[in-house]
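Peer 1: need coordinates for the below:
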Amino acid sequence: MLNLPVLKFSKVTVAFGIAPFSSHPWFWGIMGDSLSKKLNVPIMSYGAAFGGTKSEHWYKAALGIPFEHGFIKSSISMPYINLKNVLQLYVPLTGIRSVLCLHGVNERNDSQSVIQTWTEAYIAKSRTDSKINNLAWMIALDSYLLDKNQNPRPFPIKFDPRNAQTTISSQPFNFLGPDLDQINDNEGGIDVSDRPDGLHFGSSGMIKVANAWATSLVSNNFLKNSVPKSPQSFNVQSVATGNWQRTTTWDCNCFPQSYQSFTIKPTHTVSIDAIKVKPLNLTIQGRLDFKNLGMLSF
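Peer 2: Okay, here's the model as predicted:
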């Protein structure tokens, strides 16, 4: 488990990204503002993305398959561990509506079948790790990468990623997101182009992407057909004998936090092993053990 910060809500700004992993808000802050205006409700986002990755990396990290990469540490289950930690540490306390998925450009040379295998596997793993069998996923259509030497210069998309994304989006609890290939480069330069380098979104492009995501989330019956996961109680009870830090020990399926109250049920033994824990309240009906200088504090 990573030592992630306790939840503290604040507005997204240019200087502060989307916790816990995104140092910059990119276009998600704009999307949140758009959604808030459309729905007249506050919008909360988690940042679990990892730039420069592809579905293969998420698939292997989710399944514990080692791989070599210039800036990804597969030894600590990156990049999937970002999503897993959000689902297990924060989502039980706040609930969740959907995971928003944006891949495709880095998979332009992969086949539809292999992209589907990778993506379906880590989506399934997210539902297992979160214990939310109907966890909604919205998947964007995306494969855009402009080859500056391409002649003639038509809409530069690849259909293997798009076909995989469309197929996966039709599966249970998945939803089709925006078609981001529609946002292209007009070669107008950094000040006016939506994709000034033929790939990444410029300022005007980010506004279009944000609005495209917001439109997808309020249309296509997504809000009607997706099932939100409500937050769980801050009063946590043991469901099995185990380590204090194991998600499988508690009915919240979360890592214990100092703002939660805990009850160790009869017949259960919970071990505090080599850490200091500080629950809000603790009721012991079963047994509490201490190992390797484990400590309890209030």
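
Peer 1: next, the buried residues of the lengthiest helix in the chain.
Peer 2: If you go by DSSP state H, the chain has its longest helix at helix 112-130. By neighbour count on 16 or more other CB atoms under 10 Å, the buried set for helix 112-130 is 112, 115-116, 118-123, 125-127, 129-130. (Glycine included, C-beta is placed from N, CA and C.)

Peer 1: how about stretch 36-49?
Peer 2: Buried residues in stretch 36-49 (16+ other CB under 10 Å): 43, 45-49.

Peer 1: so which of those residues comes closest to residue 194?
Peer 2: Residue 194 lies nearest to residue 49 out of the buried residues of stretch 36-49, by CB to CB, at 20.1 Å.

Peer 1: so the closest one makes contact with residue 24?
Peer 2: No: taking CB atoms under 8 Å as the definition, residue 49 is not a contact partner of residue 24, at 10.8 Å.

Peer 1: can I get the longest helix of the chain as CSV, trimmed to CA atoms?
Peer 2: Output of helix 112-130 as CSV, limited to C-alpha atoms (Å, rounded to 0.1, in the frame of the first residue of the first chain):
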residue,chain,number,x,y,z
GLN,A,112,-8.0,-5.1,-32.3
SER,A,113,-7.9,-8.5,-30.6
VAL,A,114,-4.9,-7.9,-28.5
ILE,A,115,-6.1,-4.4,-27.5
GLN,A,116,-9.4,-6.0,-26.4
THR,A,117,-7.6,-8.6,-24.4
TRP,A,118,-5.5,-6.1,-22.6
THR,A,119,-8.4,-3.6,-21.9
GLU,A,120,-11.0,-6.2,-20.9
ALA,A,121,-8.5,-7.8,-18.4
TYR,A,122,-7.7,-4.6,-16.5
ILE,A,123,-11.3,-3.5,-16.5
ALA,A,124,-12.2,-6.9,-15.0
LYS,A,125,-9.4,-6.6,-12.4
SER,A,126,-10.7,-3.1,-11.4
ARG,A,127,-14.1,-4.6,-10.6
THR,A,128,-12.5,-7.4,-8.6
ASP,A,129,-10.2,-5.1,-6.7
SER,A,130,-13.0,-2.6,-5.9
